[in-house]
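>>> just coords:
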């Protein structure tokens, strides 16, 4: 993702698709092929969730070789490790495991997070990347598309300085290594396939129902003023269920950080944020002319 500041305003560049866009499943498979065309040493960052499953399946189903690695925080994300082992048995591969004790490094992690203006968890992920084999191309599926629905139920595409992908990119850029880091969802075709899917628009239309009900789970109230949780807890499982059906294991949603409170720092989500009407943005992506357009921070 190309982003930065220009005249004190944050911006992000998007390029429209220059070929016809397939389904979400088709674009996942094409993404694996695209990565394999430029890399012969692929390392997938695995978790115990569905995002890493769909990424791994795109390589496995097309017989594209890869290695896998898991960040294990003993005593803190054991549930994720057990889920990963179940995934490995189902899919038939084995991950390398890198152990990190977050509390042993707490002081250093917090100091660097403050220095870099980056959330602690992404600094922890930076530490993880620094321990991964130096020469591999590290692929992480952290794509977390956020559709902001305002109080009048109008959907906007949102991306900001403190968005998940942007923060992780800033953290990873601090690691000097021979291999590249690649974000799985970082293509216009992948984004267009997701944002134009009928599941997305069905959830957009139905969001007032979910927002008004104040849906929650034990011990957690969703951040439902503008629906920050709706992708992980509502949209994604239905989107993946539509395209992958029972090929995946649908574990309950977990961030892996529930037992590491100091890593759950929250930065202002909408500070330096870009909002653009969703339909307008999707139409731009699907124009098929390969045009790059710069979007600046706005306030809807």
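Here it is on my side, so go on. Small disclaimer: the values here were computed from a predicted structure and weren't measured.

>>> Tell me the first helix or strand C-terminal of the helix or strand of the chain with the lowest mean pLDDT.
Across the helices and strands of the chain, mean confidence by mean pLDDT, DSSP states H and E is lowest for strand 220-221: a mean of 56. Where DSSP states H and E defines the elements, the next helix or strand beyond strand 220-221 is helix 230.

>>> and the helix or strand following that next one, what does it pack onto?
For helix 230, the following helix or strand on the C-terminal side (DSSP H and E) is helix 236-244. Contact here means 3 or more C-beta pairs under 8 Å, 6 or more residues apart in numbering; DSSP states H and E; on that basis helix 236-244 packs against helix 24-38, helix 50-60, helix 198-213. (C-beta placed from N, C-alpha, C; glycine too.)

>>> Arrange the ones you listed in TSV, one row each, with mean neighbour count and distance to residue 14 as further columns.
TSV is the format used below for the helices and strands packed on helix 236-244 (neighbours: other C-beta atoms under 10 Å; distance: least, C-beta to C-beta, whole Å):
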stretch	mean neighbour count	distance to residue 14
helix 24-38	18	16
helix 50-60	22	21
helix 198-213	15	17
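
>>> out of those, nearest to residue 257?
helix 50-60 (15.3 Å; C-beta to C-beta).

>>> Which among the helices and strands packed on helix 236-244 is found nearest to residue 287?
Set against residue 287 and scored by C-beta to C-beta, the helices and strands packed on helix 236-244 come closest in helix 24-38, at 16.8 Å.

>>> Residues contacting the next helix or strand after the closest one, please?
Downstream of helix 24-38, the next assigned helix or strand under DSSP H and E is strand 42-46. For strand 42-46, contacts defined as C-beta atoms under 8 Å, 6 or more residues apart in numbering pick out 35-36, 52, 55-56, 59, 64-71, 84, 87, 95, 128, 132-133, 136-141, 179.

>>> try 6 Å
52, 56, 66-70, 84, 95, 136-140 (C-beta atoms under 6 Å, 6 or more residues apart in numbering).

>>> can you tell me which of those residues are in helices?
The helices, defined by DSSP state H, take in 52, 56, 84 from the contacts of strand 42-46.

>>> was I right about the last one contacting residue 49?
This means residue 84. No - applying C-beta atoms under 6 Å as the test, residue 84 and residue 49 come out as separate, 9.2 Å apart.

>>> Can you pull out the low-pLDDT segments for the stretch 151-300 of the chain?
By pLDDT under 70, the low-scoring segments of the stretch 151-300 of the chain are 213-228, 255-256, 300.

>>> What ranges does it have for its helices?
Along the stretch 151-300 of the chain, the segments classed as helices by DSSP state H, counting those that start in this stretch run 164-172, 188-195, 198-213, 230, 236-244, 278-285.

>>> so what's residue 293 up against?
Taking C-beta under 6 Å, 6+ apart as the definition, contacts of residue 293 comprise residue 14.

>>> re earlier: I'd like the helices and strands packed on helix 236-244 as TSV, with distance to residue 104 appended.
Below are the helices and strands packed on helix 236-244 laid out as TSV (distance: least, C-beta to C-beta, whole Å):
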stretch	distance to residue 104
helix 24-38	34
helix 50-60	26
helix 198-213	40
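
>>> Relative to residue 191, which of those is closest?
Smallest distance to residue 191 across the helices and strands packed on helix 236-244 (C-beta to C-beta): 9.0 Å, for helix 24-38.

>>> and that closest one, how far from the chain's centre?
16 Å (C-alpha atoms, centre = their mean, to the nearest Å).

>>> Now do it: everything it contacts.
For helix 24-38, contacts defined as C-beta under 6 Å, 6+ apart pick out 54, 58, 59, 62, 64, 189, 190, 193, 194, 197, 243.

>>> cool, stretch 267-287 as well?
Residues from elsewhere that reach stretch 267-287, judged by C-beta under 6 Å, 6+ apart: 10, 12, 16-17, 119, 155-162, 188, 192, 195-196, 295, 297-298, 300.

>>> Put the buried members of the residues you listed into a ChimeraX selection.
With 16 or more other C-beta atoms under 10 Å as the burial test, the buried ones among those are selected in ChimeraX as follows:
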select :10,12,16,17,119,155,156,157,158,159,160,161,162,188,192,195,196,295,297
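
>>> Now do the buried residues in stretch 160-172.
Residues of stretch 160-172 classed as buried by neighbour count (16+ other C-beta under 10 Å): 160-172.

>>> ugh, typo on my part, it should be stretch 82-101
For stretch 82-101, the buried set under the neighbour-count rule, 16+ other C-beta under 10 Å, comprises 83, 84, 87, 88, 91, 93, 95, 98, 100.
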